[in-house]
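[1] show me how the following folds:
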Amino acid sequence: MAIAVAAVEHQSLTSAIGHWDGVWYSRLAVHGYPVHSVHHASTLGFFPLFPAFIWLLMRLGIGSPVLAGAIISGIGGLVATVLVQRLATRWWGPDSGRRAAILFCLFPGSVVFSMAYSEGLLIPLAAGCILALERRRWLLAGTLAGIATATAADGAALIVVCALSTAIALRGHGPRDRHARRSLIAPLLSLTGIAAFAIFLWQWTGTPLAGLEAQRSGWHERLDPIALLHQGQLFASQVGALHLSNPTLDLAPLAALLGTIVLVAGLVLLVRRPRVVSLEAIVWTVAIGALAVFSEHVGPNARLLITAFPAVVVFAHRTRGRAYRWVLGVNGVLLVVMSALTFTGHSLTP
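    Residues are numbered from 1 along each chain as shown. The predicted structure is shown next:
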């Protein structure tokens, strides 16, 4: 899709897929972090693992950081699709698993797998962690969660997921059970990524909170319980100010409002009886959804929804036949539209 859009718009492929956060990840991979904490938009607002992989690919011969990031995202999207199918198959059976994988690929948020975005690492790590927790493979789950917490701020939700899974194991078997005690490995390891990043920032900038300060001051990112109300007011004011001489419209608030509806509907379907989806997957979905709903700057858009993937793929399980084909068709059209808007302009933030 990115190649087609680039050809139509007569722009380079790297320009098409390098918009938005891809610019900052590329800058971080090439120039690193500033040596002092700053209170404006800077690379300090981004976690280090994804740009570290970009840097590595560049050392292996990929000249463009944007292209390196897109390659990582594409491979991560493929791995995520496989893991999502395995999870959906465990929950609902092989037929629903195949349908879930197809819907996952056609969901509009999958556009990030064609861009230099950290979701290409975060989502497969999260899916792998949840799958490992369901299989009670504590060391693997904790390792994947620890890597995820060095990838993106949303990865911190896996700390809660691992802690919950450990609590379930300890309650079910008792603290004297050796296997139950072994489950403590998962939440402890899940802290390693974000802890290592905080220690690095402390040594590099003088404060372990440099990333948080950059997010709050530079990117104006904070949690607000009425963030969705503000999104609605912003969109209404934009519609009211529309004029033929200036017909541009920021669609991000509308995407957040529509995404909230999809998120709530997906959560209802996940917990609807008979509930066979693991509690770990539901908690991951709720945690990511809550962070998005209460985010003042980035609401539950398609990128955040695909990160909370159980709320998306559940529609593949709950629909059959013609209804499922309609779901695929609508998502396919929205994917094309979102890709065009994302790659060519600034009216829709991925």
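
[2] in which helix or strand would I find the closest residue to I54 other than its chain neighbours?
    Spatial nearest neighbour of I54, excluding adjacent residues (CB to CB, 6 or more residues apart in numbering): A29 at 3.9 Å. Placement of C-beta: from N, CA and C, glycine included. Secondary structure assigned from DSSP states H and E places A29 in helix 21-31.

[3] centre of the chain versus that helix, how much separation?
    Averaging C-alpha positions (CA atoms, centre = their mean, to the nearest Å) puts helix 21-31 18 Å from its chain's average.

[4] pull the CA atoms of it into CSV?
    What follows is the C-alpha trace of helix 21-31 in CSV, where atoms were taken according to Å, rounded to 0.1, in the frame of the first residue of the first chain:
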residue,chain,number,x,y,z
ASP,A,21,6.8,9.1,15.0
GLY,A,22,9.0,7.5,12.4
VAL,A,23,10.9,10.8,12.1
TRP,A,24,11.7,10.7,15.8
TYR,A,25,12.7,7.0,15.9
SER,A,26,15.0,7.6,13.0
ARG,A,27,16.5,10.6,14.7
LEU,A,28,17.0,8.6,17.8
ALA,A,29,18.7,5.8,16.0
VAL,A,30,21.1,8.1,14.2
HIS,A,31,21.8,10.8,16.9
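
[5] contacts for that helix?
    18, 43, 45-46, 48, 50-52, 54-55, 58, 65-66, 68-69, 115-118 (CB atoms under 8 Å, 6 or more residues apart in numbering).

[6] got it, and stretch 268-279?
    Counting by CB under 8 Å, 6+ apart, the neighbours of stretch 268-279 from elsewhere in the structure are 91-92, 130, 133-134, 164-165, 168, 281-282, 285, 310-311, 314-315, 317-318.

[7] recalculate using a threshold of 7 Å.
    Outside of stretch 268-279, the residues that reach it under the criterion CB atoms under 7 Å, 6 or more residues apart in numbering are 91-92, 130, 134, 164, 168, 282, 285, 310-311, 314, 318.

[8] can I get those in CSV with neighbour count?
    Conversion of these to CSV gives the following (neighbours: other CB atoms under 10 Å):
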residue, neighbour count
W91, 21
W92, 19
I130, 29
E134, 19
L164, 18
I168, 16
I282, 19
T285, 27
P310, 26
A311, 28
V314, 27
R318, 17
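
[9] and of these, the nearest to D154?
    Within those, proximity to D154 (CB to CB) peaks at T285, which comes in at 11.9 Å.

[10] now for A180, how many residues are close by?
    19 (other CB atoms under 10 Å).

[11] for I54, give its distance to W24.
    Using CB to CB, to the nearest Å, one obtains 11 Å as the distance from I54 to W24.

[12] go on, I147?
    Distance from I147 to W24, counting by CB to CB: 21 Å.

[13] so the residue lying closest to L242 once chain neighbours are set aside, which of the three states?
    Distances taken as CB to CB, 6+ apart put L249 closest to L242, at 6.6 Å, once the chain neighbours are dropped. Under the three-state scheme (DSSP: H, G, I helix; E, B strand; the rest coil), L249 adopts coil.

[14] one step back: in PyMOL, how would I select just the buried ones from the contacts of helix 21-31?
    What follows is the PyMOL syntax selecting those of the contacts of helix 21-31 that are buried according to 16 or more other CB atoms under 10 Å:
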select buried, resi 18+43+45+46+48+50+51+54+55+58+65+66+68+69+115+116+117+118
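
[15] tally up the residues packed near the residue nearest to I54, please.
    Taking other CB under 10 Å as the neighbour definition, A29 ends up with a count of 24.

[16] dump the residue contacts of the spatially closest residue to H40 that is not a sequence neighbour.
    Nearest residue to H40, sequence neighbours excluded (CB to CB, 6+ apart): G218, at 4.7 Å. The neighbours of G218, taking CB under 7 Å, 6+ apart as the test, are 38-42, 45.

[17] okay, the residues you listed in a markdown table with distance to A152 next?
    Listed next are the contacts of G218 as a markdown table, based on distance: CB to CB, whole Å:
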| residue | distance to A152 |
| --- | --- |
| V38 | 20 |
| H39 | 22 |
| H40 | 21 |
| A41 | 17 |
| S42 | 17 |
| G45 | 11 |
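
[18] am I right that H297 is in contact with H220?
    Yes: using CB atoms under 7 Å, H297 makes contact with H220 at a distance of 5.6 Å.

[19] okay, those two: which has more neighbours?
    When neighbours are counted by other CB under 10 Å, H297 comes out ahead of the other of H297 and H220, with 14 against 10.

[20] which strands and helices sit next to the host helix or strand of L334?
    Under the criterion DSSP H and E, the helix or strand holding L334 is helix 321-344. Applying 3 or more CB pairs under 7 Å, 6 or more residues apart in numbering; DSSP states H and E, one finds that helix 321-344 makes contact with helix 2-9, helix 94-106.

[21] in stretch 155-164, which residues are buried?
    When neighbours are counted by 16+ other CB under 10 Å, the buried residues of stretch 155-164 are found to be 155-164.

[22] any idea how far V30 is from A252?
    Per CB to CB, V30 is found 28 Å from A252.

[23] of these two, which one has the most company?
    Set side by side, V30 and A252 give different neighbour counts by other CB under 10 Å, the larger being at A252 (20 against 13).

[24] wait, doesn't the more buried one sit right on L348?
    Yes: counting by CB under 7 Å, L348 is a contact partner of A252 at 6.4 Å.
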